[in-house]
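Chemist: from the sequence below, what's the structure:
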Amino acid sequence: MAKKKSKPGARKPRSDAQRNRERILEVAKEAFTRYGAEASLDEIARQAGVGAGTLYRHFPSREELLKDVYRTEIEKLAAAEQRLAASLSPVEALRAWLFLFVEAIAAKQVIAPVLSELIGDPKKVFEDSYLRMREAVDSLVTRAIRSGDLREDLEPTDLLRALIGVAHMGAGPDWQRSARRLVDILIAGSRPIH
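Modeler: Modelled structure (predicted):
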């Protein structure tokens, strides 16, 4: 989970405060995905097992909570690259990461429009996270190409564009299942031609 950045010289948050923050973010992600960006903050606090005051201490506004949910999802996605690369074959690490990318798209579809209304282009706010995500997919694709599992002319962004396209084409309840099938199709289609 992403940790809240502290100011120089600031104390590290207590472990129970950090656990509360992480629980709030996880519950908020599920609530925003299920009920939209207007999900009840009081209900999020209740399901996270904290009081409303604790939620507002960590996230003074709906906007801050939405930004942190989104930022946390992108950071988890970027950080998963190393973990997956260390434990799976190159092509399976890429496949697993692309499945996580589909989940991140789901969170973004709910959160990004609201952030756009509140603060303008959310991409500007999260440029560092986007850069980390791009570096992660680039690394996974490069590793799979070097292993001979994928063709040399594969562009990592092509994989991301295809999955984003599925999300935008059919934002109905079934799009995630379709996107997961597309991951396997993309991997199969990216194998070297012999």
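Chemist: helices along the chain, start to end?
Modeler: For the chain, applying DSSP state H gives helices covering 15-35, 41-48, 52-58, 62-87, 90-119, 122-125, 127-146, 156-169, 175-189.
Chemist: okay, those helices in TSV with mean pLDDT and mean neighbour count next?
Modeler: Glycine gets a C-beta too; all of them are placed from N, C-alpha and C. Compiled in TSV, the helices of the chain are given as follows (pLDDT from 0 to 100; neighbours: other Cβ atoms under 10 Å):
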stretch	mean pLDDT	mean neighbour count
helix 15-35	89	18
helix 41-48	96	17
helix 52-58	94	15
helix 62-87	88	19
helix 90-119	78	19
helix 122-125	62	14
helix 127-146	88	17
helix 156-169	81	16
helix 175-189	86	15
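Chemist: now do stretch 21-36: everything it contacts.
Modeler: The list of residues contacting stretch 21-36 from outside it, by Cβ atoms under 8 Å, 6 or more residues apart in numbering, reads 1, 4, 13, 39-40, 43-45, 47-50, 54-55, 58-59, 65-66, 68-69, 72-73, 106-107, 110-111.
Chemist: mind checking how far that stretch is from the chain centre?
Modeler: 13 Å (Cα atoms, centre = their mean, to the nearest Å).
Chemist: can you tell me how far R151 is from R21?
Modeler: Distance of R151 to R21, computed by Cβ to Cβ, to the nearest Å: 43 Å.
Chemist: could you break the protein into its assigned domains?
Modeler: By the record's domain assignment, the chain is partitioned as 15-60, 62-189 (automatic domain parsing).
Chemist: isn't R143 right up against A85?
Modeler: Yes. Using Cβ atoms under 8 Å, R143 and A85 qualify as a contacting pair, with a distance of 6.3 Å.
Chemist: report the set of residues contacting both of these two.
Modeler: Common contact partners of R143 and A85 (Cβ under 8 Å, 6+ apart): A93.
Chemist: for L160, which non-adjacent residue is closest in space?
Modeler: The shortest distance from L160 to any residue that is not its chain neighbour, by Cβ to Cβ, 6 or more residues apart in numbering, is 6.4 Å, and that residue is V137.
Chemist: the one you found against W97, yeah?
Modeler: Yes. Contact criterion Cβ under 8 Å: V137 and W97 qualify, at 6.9 Å.
Chemist: quickly list what's touching both of the two.
Modeler: E81.
Chemist: got the contact list for the residue nearest to A162 when sequence neighbours are not counted?
Modeler: Computed as Cβ to Cβ, 6+ apart, the closest residue to A162 that is not its neighbour in sequence is L186, at 5.8 Å. L186 makes contact with L98, L159, A162, L163, according to Cβ under 8 Å, 6+ apart.
Chemist: do L98 as well
Modeler: Under the contact definition (Cβ under 8 Å, 6+ apart), the residues listed for L98 are L159, L163, V183, L186, I187.
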